[in-house]
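>>> Whatever this is, show me its structure:
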Amino acid sequence: MTTPVAFAIISLVQSFAQETISPSVANAQLLTEVVPAVMWVLRTELRREQPSQLALPHLRLLMCLSKHPGASLSELAEFLGLLPSSTSKLVDHLVLRDLVTRQVAPDDRRRAVLALTAFGNETLEDAHCKIRAHLAERLAVLSESENALITQALLLLRDTLLPDGALVIGDARTCSSHHTSSESESEG
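Have a look, this model is predicted:
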């Protein structure tokens, strides 16, 4: 069975064989094939690690709120690319689970402001650490130089697409201490 990433690479090679395309067009095509594959890996890992907890849209919403506490429902809907009604259902679910708070905006009673709870922050960090560990395990099969190339490309891509670093979430260095404390709590 061909994995989504292998399929994306095969498709790109076939495109090169059929016609000559510019490097930026080739990269754009590869991104549109690889990003969904990466999202599939993330979704699969999230389901495996936390089958009854968070879906990827919930995680994305928590990520957005971690960087933009006090965001409105419409701002979240725009970020997630969802209708406000769909975003409202996601928020309702997260409020019921005590991951998000919803309060009336002090300057506009018609507007709700949203923020993560302490439990929401902890849940988000835990999910990030688990996903990072899984991705690191998958990337460990690559050589040091191949990983360095991926790092260079991802940093360049991030700086090109997100010049202000608007969506940089979490810090991998916090995962080892976070997991150590979570593991010792569950053992005790």
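>>> CA atoms of stretch 146-160 as CSV?
In CSV, the C-alpha atoms belonging to stretch 146-160 read as follows (Å, rounded to 0.1, in the frame of the first residue of the first chain):
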residue,chain,number,x,y,z
GLU,A,146,18.3,14.6,5.6
ASN,A,147,16.8,15.9,8.8
ALA,A,148,18.9,19.1,8.5
LEU,A,149,17.6,19.6,5.0
ILE,A,150,14.0,19.2,6.2
THR,A,151,14.7,21.7,9.0
GLN,A,152,16.1,24.2,6.6
ALA,A,153,13.2,23.8,4.2
LEU,A,154,10.6,24.1,7.0
LEU,A,155,12.1,27.2,8.5
LEU,A,156,12.3,28.8,5.1
LEU,A,157,8.7,27.8,4.4
ARG,A,158,7.6,29.1,7.8
ASP,A,159,9.4,32.4,7.3
THR,A,160,7.9,32.8,3.8
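>>> Okay, buried residues for the longest strand along the chain please.
In the chain, taking DSSP state E as the definition, the longest strand is strand 108-116. Applying a neighbour-count criterion of 16 or more other C-beta atoms under 10 Å, one finds 112, 113, 114, 115, 116 buried in strand 108-116. Where you see a C-beta, it was placed from the backbone N, CA and C, and this is true even at glycine.
>>> The last one reaches residue 67, doesn't it?
Read it as residue 116. No - here residue 116 does not reach residue 67: they are 10.1 Å apart, not a contact under C-beta atoms under 8 Å.
>>> Done for today, thanks.
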